[in-house]
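[1] I'll drop the sequence and a predicted model, then ask my questions.
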Amino acid sequence: MANMTPVPESGTRREPVEPAVGHAIFTNLMACFRCDGCGALSIRSMWTGDGVNPDLDAAGIAAMLTLESPFPEAGAETRWYPAGTRGKPYPDVPAQIAAAASEAHSCMAVEACRGAVILARSVIEATAKDKGMPAGTLVTKIDAMHEARLIREDIRDGAHEVRYLANDAAHGDFAEPVPQADAELILTLMDEVLEEVYQSPARVARRRAARLDRGTTT
């Protein structure tokens, strides 16, 4: 793990000019950090509703952001920018489906929650098509995967949860935002479908092949 050293003069604060009525004024603290290994710069940012000393100078803010939890009682979280967007590898999933699933995780890394859940839904539909499920709605395809014993009952139900949350966003109904926690859970459910359909069977097949290569049949 890289060690990041704060750039003292870079510390700054930012506050909403006109906070929404009834909402607290949240302070955004930011500072640059330099990687001791490669010299690259990153930004550490934190929003906090807790009282921040208005007399803190740039160096003081940068020093504060070196702490793991500057305001634990306020539940403040720090974030690094730019965010990592590498996605996730799926070595036993067909390439085109694996690429979309990985892209869903890349969306999640930058908090593009709608994009993440829409891709998750598409991944499940593509999985059903790849496995030759009958044409029709996604409801039909998911249920058909269960009937074909490709997925267990709880995985089927998880796939439907992905469908429920993604449907509104996929059909252009943006009245409500997609909470980050919900989107993260949706990607977990998507991953469970891929695990059940592709990755677990592939591991079993590799193990069986290795056993047979050694001549062990009983």
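    It's in.
[2] on contacts alone, who are the packing partners of the strand or helix carrying Glu125?
    Secondary structure assigned from DSSP states H and E places Glu125 in helix 113-130. On a contact count with 3 or more Cβ pairs under 8 Å, 6 or more residues apart in numbering; DSSP states H and E, helix 113-130 meets helix 95-109, helix 138-147, helix 153-170, helix 180-194. Placement of C-beta: from N, CA and C, glycine included.
[3] next SSE downstream of the last one?
    When you say that, I think you mean helix 180-194. helix 200-213.
[4] tell me the domain ranges of the protein?
    Annotated domains of the chain cover 4-81, 95-213 [automatic domain parsing].
[5] now do the end-to-end distance for the first one.
    Read that as domain 4-81. 13 Å (Cα to Cα, to the nearest Å).
[6] format the helices and strands packed on helix 113-130 as JSON lines; extra columns: distance to Asp213 and mean pLDDT.
    Converted to JSON lines, the helices and strands packed on helix 113-130 look like this (distance: least, Cβ to Cβ, whole Å; pLDDT from 0 to 100):
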{"stretch": "helix 95-109", "distance to Asp213": "27", "mean pLDDT": "92"}
{"stretch": "helix 138-147", "distance to Asp213": "31", "mean pLDDT": "95"}
{"stretch": "helix 153-170", "distance to Asp213": "31", "mean pLDDT": "88"}
{"stretch": "helix 180-194", "distance to Asp213": "27", "mean pLDDT": "92"}
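[7] so can I have JSON lines of the ones you listed showing distance to Arg208 and mean neighbour count?
    Putting the helices and strands packed on helix 113-130 into JSON lines (distance: least, Cβ to Cβ, whole Å; neighbours: other Cβ atoms under 10 Å) gives the following:
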{"stretch": "helix 95-109", "distance to Arg208": "23", "mean neighbour count": "19"}
{"stretch": "helix 138-147", "distance to Arg208": "23", "mean neighbour count": "18"}
{"stretch": "helix 153-170", "distance to Arg208": "22", "mean neighbour count": "18"}
{"stretch": "helix 180-194", "distance to Arg208": "20", "mean neighbour count": "19"}
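[8] for Leu29, find the nearest of the ones you listed.
    For the helices and strands packed on helix 113-130, the distance to Leu29 is smallest for helix 180-194, at 20.5 Å, taking Cβ to Cβ.
[9] what's the closest one packed up against?
    helix 95-109, helix 113-130, helix 153-170.
[10] which residue is nearest the middle of this structure?
    Met108 (3.5 Å; Cα atoms, centre = their mean).
[11] list the contacts for it?
    Counting by Cβ atoms under 8 Å, 6 or more residues apart in numbering, Met108 touches Ala116, Ala183, Glu184, Leu187.
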